[in-house]
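S.K.: coords below, sequence missing:
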């Protein structure tokens, strides 16, 4: 766990980090599902290909509902609590 | 909700209290006509919802209708404390034998209306109460029982007024009390109440303030006065802080934040709320010698961005050294979300959360997670075992010690 960030305007990802397995991120159907279930719009499905994008400015809004973990295959999405170094994942 | 003087006059008049023959005008020509109808010397008064009219040149005397028109034109163009006048009131210059003060206010401590009367009118009642307390009569009224003239008589008699003056002033104070209760006023004031040379009493100036929430109940009165529903009558211009907080709240539907800093100039910023917590906590800070920089309300599970936005606005205020983040025990707002918001505000402003957050006392949902976040940034977490009073006391102590 690194030192807490300081300074600067509009910090993102201060408290929460999200990791998505690349093979899953390229799956348009899964990207759409993640974008749909997340109540705070952390996931977006971009372009015609529907590639998954993490919306950085919304990361710290994560309410730890774990709906994204339920929507993805086990281990494909990991929620990182940057303030205590712990992780939420399935499987 | 405040009323202009010309509206207050009408309210007093419809309650059966004698007033002078006045006219409300929005043009100089109309002022000339009213002055001609009145005949004799008149006074022209700016109709603004702010004080200091006389000093600012918003009150002028005229001997002729032409002079009245001239003064009215000047006053109509004169903004006072940033307020453009709604119009002018043209009033006869009355021959006054003596000026009195009469009011009925809501006494929030006793939770009952209170009548006030003084035989020293025309000046601030606070000044009279301080310098001549024996010239101020007071008496509380029931919220339910009818107002009797006897109650008013007792209050007036306490100032030493007797005889025909007492007899004539009594129904005026009693009617003022009835109108205050019937019209849901928080303040019904006549100052000065004048005794003319012939012994009669008239209200020369009136000031009325109504409970905002009573607007639907008082629809008939407001319609009669021509006041539209969207006329909010803000008592002062909102500050940048107030405007910014309102904009942050409006931009995000999650949770609710409100902020006021009118009349606050302290060094302790408050990010407080939940179930009456804001009022209790502000009082608790003040009672323990603290100086709040603002008043806020936060609750209903705001987003991190909203909590952050509020905390940033509080921290940006001039003179704010630290913030106290506190809520009532009944809060269901997530502790971790608010913790993220206020810490992010500190970080984004380049301030150390451990130094900046004097106390963080929000008991409730997700408090274990909130405590982990606060611990990471060196901020002590206070749960429900720390009372609101003690939390406020800790914040005050920290800011006074400079730690």
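M.R.: Good, I have the coordinates. Predicted model only: the values in this text are computed from it and were never measured. Numbering: from 1, shown residues only, chains lettered A, B, ... in the order given.
S.K.: so what's the residue count around residue A:40?
M.R.: Residues near residue A:40, counting by other Cβ atoms under 10 Å in any protein chain shown, number 18. In this view, the C-beta of every residue, glycine as well, is placed from N, C-alpha and C.
S.K.: in this structure it contacts residue A:58, no?
M.R.: Yes. Between residue A:40 and residue A:58 there is a contact under Cβ atoms under 8 Å: 5.6 Å.
S.K.: would residue B:33 count as being in a helix?
M.R.: Yes. Under DSSP: H, G, I helix; E, B strand; the rest coil, residue B:33 sits within a helix.
S.K.: what about it, neighbour count?
M.R.: Using other Cβ under 10 Å: residue B:33 sits among 16 other residues.
S.K.: so who does it touch?
M.R.: residue B:65 (Cβ atoms under 8 Å, 6 or more residues apart in numbering or on different chains).
S.K.: and the pLDDT at it?
M.R.: Listed pLDDT for residue B:33 reads 96.
S.K.: equivalent analysis for residue B:348, please.
M.R.: For residue B:348, the pLDDT comes out at 94.
S.K.: mind jotting down where the strands sit in chain A?
M.R.: Using DSSP state E, the strands of chain A run over A:16-20, A:43-46, A:51-54, A:77-81, A:86-88.
S.K.: these: which one's closest to residue B:306?
M.R.: Among the strands of chain A, the nearest to residue B:306 by Cβ to Cβ is strand A:16-20 (16.6 Å).
S.K.: strand partners of that closest one, parallel vs antiparallel please.
M.R.: Paired strands of strand A:16-20, with direction, are strand A:77-81 (antiparallel) (DSSP bridges).
S.K.: chain center to the partner strand, what's the gap?
M.R.: Taking Cα atoms, centre = their mean, to the nearest Å, one finds strand A:77-81 lying 7 Å from the centre of the chain it belongs to.
S.K.: what's the answer for stretch A:82-89, then?
M.R.: Mean-position distance between stretch A:82-89 and its chain equals 13 Å (Cα atoms, centre = their mean).
S.K.: which residues touch residue A:17?
M.R.: Contacts of residue A:17 (Cβ under 8 Å, 6+ apart): A:59, A:79-80, A:82.
S.K.: what is the helix or strand of chain A with the lowest mean pLDDT packed up against?
M.R.: Lowest on mean pLDDT, DSSP states H and E among the helices and strands of chain A sits helix A:22-25, with a mean of 82. Other helices and strands packing on helix A:22-25, by 3 or more Cβ pairs under 8 Å, 6 or more residues apart in numbering or on different chains; DSSP states H and E, are strand A:51-54.
S.K.: quick one: residue B:296 from residue B:78, how far?
M.R.: Distance, residue B:296 to residue B:78, using Cβ to Cβ, to the nearest Å: 36 Å.
S.K.: longest helix in the chain, please.
M.R.: Because you didn't say which chain, this covers chain A. Scanning chain A for the helix with the most residues, using DSSP state H, yields helix A:28-37.
S.K.: oops, chain B please
M.R.: Ranked by number of residues, the top helix in chain B under DSSP H is helix B:163-182.
S.K.: neighbouring strands - and their directions - for whichever helix or strand comes after that one?
M.R.: Using DSSP states H and E, the next helix or strand after helix B:163-182 towards the C-terminus is strand B:185-196. Here strand B:185-196 has these sheet partners by DSSP bridges: strand B:96-107 (antiparallel), strand B:201-203 (antiparallel), strand B:206-210 (antiparallel).
S.K.: which parts of the least confident helix or strand of chain A are buried?
M.R.: Using 16 or more other Cβ atoms under 10 Å in any protein chain shown as the test for burial, helix A:22-25 gives A:24-25.
S.K.: what does it rub up against?
M.R.: With Cβ under 8 Å, 6+ apart as the test, helix A:22-25 has contacts from A:30-31, A:51-52, A:72-73, A:76-77.
S.K.: okay then, goodbye and thanks.
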